[in-house]
Each structure stands twice: as structure tokens, then as C-alpha cells.
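Asker: any chance you can model this:
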Amino acid sequence: MEETISLKEIFEVLKKRLSLILLITLVATATSGIVSYFLLTPIYQTSTQILVNQKANSESGFDYNQVRTNVELINTYNVIIKSPTILDQVVEDLDLDMSTSALNEKISVSNSQNSQVVAVVVQDPDPALAVKIANTTASVFEKEISSIMNVDNVSILSKANFEGTPSPVNPKPVLNMAIALVVGLMVGVGLAFLLEFLDNTIKDEDDIENVLGLPVLGTIAVINDKEVMGSRTDKSKKSMRGETVES
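Answerer: Numbering: from 1, shown residues only. Alright, predicted model coming up:
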């Protein structure tokens, strides 16, 4: 026999397991908040910009072909910036207690399409160190690229710096808690329906009809001891009142 579930039954299941759903949601949200605020290390981000542009010749002025060449070189420059040739020098200049590969993971290089500006982005738990790494990387690259590529078309456009109190980019506690709330709610609702599906106990007349496939002709009410004693007491009082009236 095909079973269907109505919207009313869905609401009944949710109402019945509401405390479980709320508990799971609150625990997930609270756990995410505690981990985000107290256990995860804050990561700060800063960046410096490098301009790839050949110095203009006063006689020829703006050279479109030279600009196009600079743009095409940027992909090569992006690789060179994160190469051991540059990063080894950065580690040495800053006397960093980390390997070149570890420093490589902290640095990302990007540029907008057809742009001559390269952004060197650095992430580190120490905001001051992040600034030093970004600026030193840009300086070392500017100094070494002339000997590596035999060109002189790189200059630092802007240096990395934090204005005021730096704010971490990771973790994001509010976002993490919002995600945990949604996930906790989904898990709670799913668990509620799973428990309801696994619960095969007989609860009412409808369950009997569904299991046996037979109509229910009647039910026997459950009477507890207090109700029986109360009924006997009432009968005794009525009997005593009747005897009093007759006498």
C-alpha cells in the first residue's frame, strides 16, 4: 500500500521534535562561535602593487606595442615573484624563521585582465610581518628583475601598510556561525524525520489501521487508580445524601 505524508503530518513531526532541532542548531552555532573566536588563529592580509611599464621615450611618446609587451610579460613576472630566486632573498633580508616553500604559501600574485599593475598579496598571523614580507618581496623583485630578464620596466606603485587597527580576513566568526546555524537546522530536521521513520511503535487508532489494514470498531479508555477512587467517592457521597434525604 502506497504511503503518503501530508503537510499536517510534517508539521506534527517538526513540532514533536522541536526541542531536538533547536538543541542541535544551538550547539552547532555555539561550537562554531567558540572555535572561530577562541581556537582559530586570526590571519591578516596586506598587499603591495607593482607597475610593469617601460619608461617612455621622450621622442616617441606613448608606445602601444610596448604596453602590450609589458602586459604579456606579467604572467612571467607572476611566476618569478614566487620563485626561490626572489623568496630566498626575502627570507635572508628579513631573517625569517621559515622555509622558502612556507613563505611561498603566504604570498599570492594577481593582476586584472590587460592591466599593467601586479598585486602581491600576503597573509600572515602577524600584521606587521605581513607588511614587511609584501614590501620586501616587491623591493627584491624590482631589484633582481633587471638582471633576470634584462629589462627595466618594473617600479613599485604602492607599498603595503595598515591604517589604524588591522582587521583579520580569516576566520569570519559571523559568517561561520551563520553557516553553522543553517547546517545545524538542516541536520536537526533531517534527524527528526529519521527518528520518526525508525519509530515503529503503535500510538493511536490510525497506526492500527495502517498496520493491520482493518477498521477500528472501538477503543477502550484507560482509567487510572485516582479516577476510580474519585468515582467511588462520588458514588458514596451521593448514596449518603440519598439516605439523609429519606430519613
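Asker: ok, the nearest residue to Thr41 once chain neighbours are set aside - contacts?
Answerer: With CB to CB, 6 or more residues apart in numbering as the criterion, Thr41 has its nearest non-adjacent residue at 5.1 Å, and that residue is Pro125. Backbone N, C-alpha and C define where each C-beta goes, glycine included. Pro125 makes contact with Thr41, Pro42, Ile43, Tyr44, according to CB atoms under 8 Å, 6 or more residues apart in numbering.
Asker: one more time with 7 Å
Answerer: Thr41, Pro42, Ile43 (CB atoms under 7 Å, 6 or more residues apart in numbering).
Asker: send me the helix or strand hosting Ala30 as CSV with only the CA atoms.
Answerer: If you go by DSSP states H and E, Ala30 is part of helix 18-34. Output of helix 18-34 as CSV, limited to C-alpha atoms (Å, rounded to 0.1, in the frame of the first residue of the first chain):
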residue,chain,number,x,y,z
LEU,A,18,11.2,20.8,18.0
SER,A,19,13.4,20.7,21.2
LEU,A,20,15.8,18.3,19.4
ILE,A,21,16.0,20.5,16.4
LEU,A,22,16.7,23.7,18.4
LEU,A,23,19.2,21.9,20.6
ILE,A,24,21.3,20.7,17.6
THR,A,25,21.1,24.1,15.9
LEU,A,26,22.2,26.0,19.1
VAL,A,27,25.0,23.5,19.8
ALA,A,28,26.3,23.8,16.2
THR,A,29,26.1,27.6,16.2
ALA,A,30,27.8,27.9,19.7
THR,A,31,30.5,25.5,18.7
SER,A,32,31.3,27.4,15.5
GLY,A,33,31.4,30.7,17.5
ILE,A,34,33.8,29.2,20.1
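Asker: can you pull up the most central residue in this structure?
Answerer: Asn176 (4.1 Å; CA atoms, centre = their mean).
Asker: ok, now how distant is that residue from Ser167?
Answerer: 15 Å (CB to CB, to the nearest Å).
Asker: and Val122, that's in a helix?
Answerer: No. Read with DSSP: H, G, I helix; E, B strand; the rest coil, Val122 is strand and lies in no helix.
Asker: thinking it is in contact with Lys106, fair?
Answerer: Yes. Shown here, Val122 and Lys106 form a contact pair, counting by CB atoms under 7 Å, at 5.7 Å.
Asker: that older thread, now do the phi/psi pair for the residue nearest to Thr41.
Answerer: When read as degrees, to the nearest 10, the backbone of Pro125 gives phi -60, psi -20.
Asker: could you measure it against Tyr44, distance?
Answerer: Taking CB to CB, one finds Pro125 at 7 Å from Tyr44.
Asker: also Thr31?
Answerer: Distance of Thr31 to Tyr44, given as CB to CB: 25 Å.
Asker: those two: who's more crowded?
Answerer: Per other CB atoms under 10 Å, whichever of Thr31 and Tyr44 has more neighbours is Tyr44, with 20 against 14.
Asker: tell me the contacts of that one?
Answerer: Tyr44 touches Gln123, Asp124, Pro127, Ala130, Pro166, Pro168, Val169, counting by CB under 7 Å, 6+ apart.
Asker: could you export those as JSON lines, including distance to Ser139?
Answerer: Listed next are the contacts of Tyr44 as JSON lines, based on distance: CB to CB, whole Å:
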{"residue": "Gln123", "distance to Ser139": "19"}
{"residue": "Asp124", "distance to Ser139": "17"}
{"residue": "Pro127", "distance to Ser139": "19"}
{"residue": "Ala130", "distance to Ser139": "15"}
{"residue": "Pro166", "distance to Ser139": "21"}
{"residue": "Pro168", "distance to Ser139": "26"}
{"residue": "Val169", "distance to Ser139": "24"}
